[in-house]
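Q: task: produce atomic coordinates for the following.
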Amino acid sequence: MRSILVLLLLVTSAVTSQNKNVNTKKGVAVNGYDVVAYFYNEPNEGLKEFSKVYEGVTYKFSTKNNLDKFIKNPKKYIPEYGGYCAYAIGLKGKKVSINPETFEIRDGKLYLFYNKGKTNTLNLWLHNNPEKLQKQADKNWQKFINK
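A: Below is the predicted model of the structure:
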């Protein structure tokens, strides 16, 4: 019984530490959207049968082809800033959830944004010097990585 408890604590600790900088909902990244599909300008929800755990986080894909692409090069498709809102990370260094259909591909990287009601942070990002915000977000994100 004691060994089972120790094993459970170790597994829980490992998963928690791997997920702390990834925006997940019920253990799934990007609200279950297919990270590869964004690169074809087609944000789609992924399917359970096409899922892959990478660094303790589950990613879902809309097709087997997209799953295979992810398996070959996961770092290419994983969103910047752990899938948190790029604008909020850049502006205030805060982790804010996203609307998975509000995104930008910039320099071959996926950026996600908050969009609800009258607040579309992608529009704010694009109209407020995105290059400067990106540099600030990169700097701010390091504070989370180094914790």
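
Q: just to check, N66 is in contact with D34?
A: Yes - N66 is in contact with D34 according to C-beta atoms under 8 Å; the separation is 5.5 Å. Where you see a C-beta, it was placed from the backbone N, CA and C, and this is true even at glycine.

Q: neighbour-wise, which of the two wins?
A: Legend: neighbour count by other C-beta atoms under 10 Å for N66 and D34, higher for D34 (26 against 23).

Q: ok, that one touching K69?
A: No - assessed by C-beta under 8 Å, D34 is found out of contact with K69, at 10.1 Å.

Q: which SSE is immediately downstream of the helix or strand bottoming out on mean pLDDT in the chain?
A: Ranked by mean pLDDT, DSSP states H and E, the weakest helix or strand in the chain is helix 2-19, scoring a mean of 42. As assigned by DSSP states H and E, the chain's next helix or strand after helix 2-19 is strand 24-25.

Q: give me the phi and psi for I145.
A: phi -70, psi -40 (degrees, to the nearest 10).

Q: not counting sequence-adjacent ones, nearest residue to K64?
A: Leaving out its chain neighbours, the residue that sits closest to K64 by C-beta to C-beta, 6 or more residues apart in numbering is F50, at 5.8 Å.

Q: ok but that neighbour is inside a strand, no?
A: Yes - F50 forms part of a strand when assessed by DSSP: H, G, I helix; E, B strand; the rest coil.

Q: so what sits opposite K109 in the bridge?
A: Beta bridges link K109 to R106, judged by DSSP bridges.

Q: so it is in contact with Y81, correct?
A: No - using C-beta under 8 Å, K109 makes no contact with Y81, being 10.0 Å away.

Q: okay, these two: which has more neighbours?
A: Set K109 next to Y81 and count neighbours by other C-beta under 10 Å: Y81 wins out with 27 against 17.

Q: dump the residue contacts of that one.
A: I89, Y111, A137, W141 (C-beta atoms under 8 Å, 6 or more residues apart in numbering).

Q: I'd guess the third one is in a strand, am I close?
A: No - according to three-state DSSP, A137 belongs to no strand; its state is helix.

Q: which residue is the nearest non-sequential neighbour of it?
A: G90 (3.4 Å).

Q: fine by me, we can end here.
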